[in-house]
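Novice: the amino acid sequence is not available; the structure is as follows:
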């Protein structure tokens, strides 16, 4: 980093003069004999020297590296006209789950539908798993003066591939990295893959099993987005990748995949002394090529992050509409699958609500209590009794999750925590429900 060292030139000159006192003493007799005009001339030269040093010493950079072409600039390393930064964290998790939840490849941060499967297994065993797959690294760049504007890029990767992806728990526990985010920003435009405009990360609850609450909007995908200033905050408008999320290898639904038009997302965020407040909407187009039927639908979401007492805050989100893959990590399909089996495209309406309170016990100790609920609004009919003909992706039509944790921030780069999670899944065909529990401990070491 190029640092600026402030230095008093008068102090410098005085130090030089003080170091010369012994020599001055030896020649005291000559000095005393000097003409007063010569003394005045010496004073004038000293003042001129101070004046010349005033600008040079105060602004001269002190290089901390031998290579003059590689110097630190801000929080990164400057190479030519671009500043490069590197960051990330190592996250070590251990989880104990009910229902015999022994997942493959240490995919310990599974989907809520995986938890529902464990809850429905009627197995009383608790299983333990360790994982470091959520560990993450990122690169960022900043280049000024690109066609009159600053250009920034960001690339982020982790190792949380699908539980059926390549890897093993037997010997190497090796997993390939995957791209989470890759986007650039220039002149208020964002290009690439990042979090959907439809979500509000400011309201995201702080839980150890990231994103795994019942109802929160949490998706990353490719997009083109424009950001503009608005009263009290900003407005974001984006065209994003259209996808129904349905597997094309499950006949007869293989005709229902990508759509002809992109998803249109808009969010207005207000930020002030009273917190973050946001309203968002997404417009989607669903189409079935085989049935030659198309439906246009959408969803809305309200969210807030409200400061309360001290450093505490309350985080809220409510969403309604054809949420599908946008909510709860694809807990519900985008359309009624039973209707689609009959050649119709019927968007599946759902809603979700999340509330989380974060409390600081001390500056380094904090806790979070998160309650989240989601539910299918439309009536589901299963005339054939086939597993996928019931309209949903699983046996339940509503789910509720509760997370409670205790976190210790030993340092800004080190956080240790323990968390308890409880899930309840209500059955579609009856009044019963299934439960799943999980205890998780994590160590996050950031860099």
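Specialist: Arrived safely. Since the structure is predicted, the reported quantities are computational estimates derived from the model, not experimental observations.
Novice: from here on, just use CA atoms for contacts and neighbour counts.
Specialist: Fine.
Novice: residue 322 is in contact with residue 332, correct?
Specialist: No - contact criterion C-alpha atoms under 8 Å: residue 332 and residue 322 do not qualify, at 9.7 Å.
Novice: pLDDT on stretch 286-306, on average?
Specialist: Averaging pLDDT along stretch 286-306 yields 89.
Novice: check stretch 175-189 too.
Specialist: Averaging pLDDT along stretch 175-189 yields 94.
Novice: before we move on, what about stretch 347-354?
Specialist: Mean per-residue pLDDT for stretch 347-354: 96.
Novice: and the contacts of that stretch?
Specialist: Stretch 347-354 has contacts (C-alpha atoms under 8 Å, 6 or more residues apart in numbering) with 214-216, 286, 295, 297, 315-324, 327, 333-336, 370-378.
Novice: can you show me the helices along this protein?
Specialist: For the chain, applying DSSP state H gives helices covering 9-19, 21-26, 28-33, 36-59, 112-119, 337-341.
Novice: hey, which helix or strand in this protein has the poorest pLDDT?
Specialist: For the chain, using mean pLDDT, DSSP states H and E, the weakest element among its helices and strands is strand 61-62, scoring a mean of 36.
Novice: pull the contacting residues for the closest residue to residue 211 other than its chain neighbours.
Specialist: Leaving out its chain neighbours, the residue that sits closest to residue 211 by C-alpha to C-alpha, 6 or more residues apart in numbering is residue 218, at 6.7 Å. Each residue near residue 218 by C-alpha under 8 Å, 6+ apart is listed here: 195-196, 199, 211, 326-329.
Novice: now, among these, which is nearest to residue 402?
Specialist: Closest approach to residue 402 among those (C-alpha to C-alpha): residue 211, at 12.7 Å.
Novice: what's the separation between that closest one and residue 171?
Specialist: Residue 211 is 29 Å from residue 171, where distance means C-alpha to C-alpha, to the nearest Å.
Novice: equivalent analysis for residue 344, please.
Specialist: Distance from residue 344 to residue 171, by C-alpha to C-alpha: 48 Å.
Novice: of these two, who's got more company?
Specialist: Using other C-alpha atoms under 10 Å as the criterion, residue 344 and residue 171 rank with residue 344 on top: 20 against 7.
Novice: identify the bridge partners of the nearest residue to residue 235 once chain neighbours are set aside.
Specialist: By the measure of C-alpha to C-alpha, 6+ apart, the closest residue to residue 235 outside its immediate chain neighbours is residue 268, 4.5 Å from it. Beta-bridge partners of residue 268, counted by DSSP bridges, are residue 235, residue 279.
Novice: same deal with residue 434?
Specialist: Going by DSSP bridges, residue 434 forms beta bridges with residue 425.
Novice: shouldn't it be in contact with residue 428?
Specialist: No - with contact defined as C-alpha under 8 Å, residue 434 does not count as touching residue 428 (11.4 Å).
Novice: more neighbours: which of the two?
Specialist: Of the pair residue 434 and residue 428, residue 428 is the one with more neighbours under other C-alpha under 10 Å, namely 21 against 18.
Novice: you'd agree that one is up against residue 399?
Specialist: No - contact criterion C-alpha under 8 Å: residue 428 and residue 399 do not qualify, at 11.0 Å.
Novice: now do the nearest residue to residue 446 once chain neighbours are set aside against residue 201, distance only.
Specialist: Closest residue in space to residue 446, ignoring its immediate chain neighbours: residue 89 at 3.8 Å, by C-alpha to C-alpha, 6+ apart. From residue 89 across to residue 201, the span is 19 Å (C-alpha to C-alpha).
Novice: and the contacts of stretch 347-354, which are buried?
Specialist: Taking 16 or more other C-alpha atoms under 10 Å as the criterion, what is buried in the contacts of stretch 347-354 is 214-216, 286, 297, 315-324, 327, 333-336, 370-376.
Novice: beta partners for residue 294?
Specialist: Beta-bridge partners for residue 294, by DSSP bridges, are residue 287.
Novice: per-domain residue ranges of this protein.
Specialist: Domain assignment for the chain by automatic domain parsing gives 3-62, 85-136+169-446.
Novice: and those, which is most packed in?
Specialist: domain 85-136+169-446 (a mean of 19; mean count of other C-alpha atoms under 10 Å).
Novice: chain center to it: distance?
Specialist: Distance of domain 85-136+169-446 from the chain centroid (C-alpha atoms, centre = their mean, to the nearest Å) equals 13 Å.
Novice: ends of that domain, how far apart?
Specialist: The separation between the terminal residues of domain 85-136+169-446, taken as C-alpha to C-alpha, is 14 Å.
Novice: use 777 as the first number for this chain going forward.
Specialist: Yep, numbering from 777; the last one is domain 861-912+945-1222 now.
Novice: picking that back up, quick check on the residue nearest to residue 987: phi, psi?
Specialist: phi -150, psi 100 (degrees, to the nearest 10).
Novice: distance of it from residue 1080?
Specialist: Separation of residue 994 from residue 1080 (C-alpha to C-alpha): 15 Å.
Novice: so residue 1097 makes contact with residue 1059?
Specialist: No - with contact defined as C-alpha under 8 Å, residue 1097 does not count as touching residue 1059 (10.1 Å).
Novice: touching both of the two, which residues are there?
Specialist: Common neighbours of residue 1097 and residue 1059 (C-alpha under 8 Å, 6+ apart) are 1074-1075.
Novice: mind checking how far the residue positioned nearest the centre of the chain is from residue 907?
Specialist: Central residue of the chain (C-alpha atoms, centre = their mean): residue 977, 7.1 Å from the mean position. Using C-alpha to C-alpha, residue 977 is found at 25 Å from residue 907.
Novice: let me see the confidence value for the closest residue in space to residue 1202 that isn't next to it in sequence.
Specialist: Spatially, and ignoring its direct neighbours in sequence, residue 1202 is nearest to residue 1209 (4.2 Å; C-alpha to C-alpha, 6+ apart). At residue 1209, the pLDDT value in this model is 94.
Novice: give the contact list for residue 1209.
Specialist: Counting by C-alpha under 8 Å, 6+ apart, residue 1209 touches 1200-1203.
Novice: one more: residue 876?
Specialist: Residues near residue 876 by C-alpha under 8 Å, 6+ apart: 894, 897, 899-903.
Novice: go with 10 Å
Specialist: 893-895, 897-904 (C-alpha atoms under 10 Å, 6 or more residues apart in numbering).
Novice: of all pairs in the residues you listed, which one is the farthest apart?
Specialist: Comparing all pairs in the contacts of residue 876 by C-alpha to C-alpha, the longest separation belongs to 898 and 904, at 17.5 Å.
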